[in-house]
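Q: Everything below, folded, please.
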Amino acid sequence: MNLPEAIHLARQRGLAPVIAEIKRVIPKLAAETGRKRDERDAALLARCYEQGGAAGISLVTERQYFGGRPEEDVPAVLQATPLPLLIKDFIRDYTDIDYYAGLVASVDPAFLRRVTLLLIAHLVGERLVHLLRHVHDHGMLALVETRGPEDLNLISSARPRLVGINNKNIDELEMGEDVVRVNAEMLARYRQALGETLIISESAHQTAADVRRSLAAGADAVLVGTAFLIADNPTAAVADFVRAGEAAP
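A: Residues are numbered from 1 along each chain as shown. From the prediction side, this is the model:
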């Protein structure tokens, strides 16, 4: 199952499509509280998220700021759960895409269909269309992340199948406040420009109420990281957020 299929399945079941994230370093918590690197087994966390009802797993593999370990964690997660996997890195060119395609295929070429790569619209700019095509040529999908409506001009011609709206500023390593910025007016502008593209509200979801806010605004799914990583019981935390879909329109 790929990520769009998993999102649709969760919605059909009346659940919130939650993409649950694994990352080794949370820059904001590291700066504010001195929180150390998360050394938990990625496979174990992925299984906890699956048990909680997550629609997919997000894995931050960027090394410098987020402490990613792609060679270890990508195979571990792919083998631990059948859920779709979103790989998040600062991908800028063909070689980055080739690297991840090769890493996934080394585990099992059939897993390529389960994988989505993150492309950040304002970082790749006019190369977006070509990079999207290269991702698709490898049999993978791409999630194109935007900062807000100001990036619609960058992505409208590419017509990506998956688009993310980051509620925080990735250029500042998501160090800002946890505020869900997506709203109905914003989502309406996205729908007008992109049609049936699936839209994911990313970051800043601290409670089930935040999930409901994103879904009520018109998002198709949410991506949640820190709330699960700091939870005493990640499985229960995911389940709580997933059940927020039962109250969504």
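Q: What residues does Cys48 make contact with?
A: Applying CB atoms under 8 Å, 6 or more residues apart in numbering to Cys48 gives the contacts 234-235, 238. From N, CA and C alone the C-beta is placed, and that goes for glycine too.
Q: How about Val60?
A: Contacts of Val60 (CB under 8 Å, 6+ apart): 21-24, 66, 68, 88-89, 225.
Q: now do 10 Å
A: 21-26, 66-68, 70, 73, 86-89, 118, 225 (CB atoms under 10 Å, 6 or more residues apart in numbering).
Q: Would you double-check that Ile57 falls in a strand?
A: Yes. Ile57: assigned to a strand according to DSSP: H, G, I helix; E, B strand; the rest coil.
Q: Okay, and the beta partners of it?
A: Ala20, Leu85 (DSSP bridges).
Q: Compute the first-to-last residue distance for stretch 230-238.
A: Start-to-end span of stretch 230-238 (CA to CA, to the nearest Å) is 12 Å.
Q: Please list the members of the contacts of Cys48 that lie in helices.
A: 234-235, 238 (DSSP state H).
Q: Next SSE downstream of the top helix by length along the chain?
A: As assigned by DSSP H, the longest helix anywhere in the chain is helix 94-107. The helix or strand immediately downstream of helix 94-107 is strand 115-120, counting by DSSP states H and E.
Q: Now do that following strand: which elements does it pack against?
A: When contacts are defined as 3 or more CB pairs under 10 Å, 6 or more residues apart in numbering; DSSP states H and E, strand 115-120 packs onto helix 3-12, strand 56-60, strand 85-88, helix 94-107, helix 128-137, strand 141-146, strand 162-166.
Q: one step back: closest to Ala55 out of the ones in helices among the contacts of Cys48?
A: Val238 (10.1 Å; CB to CB).
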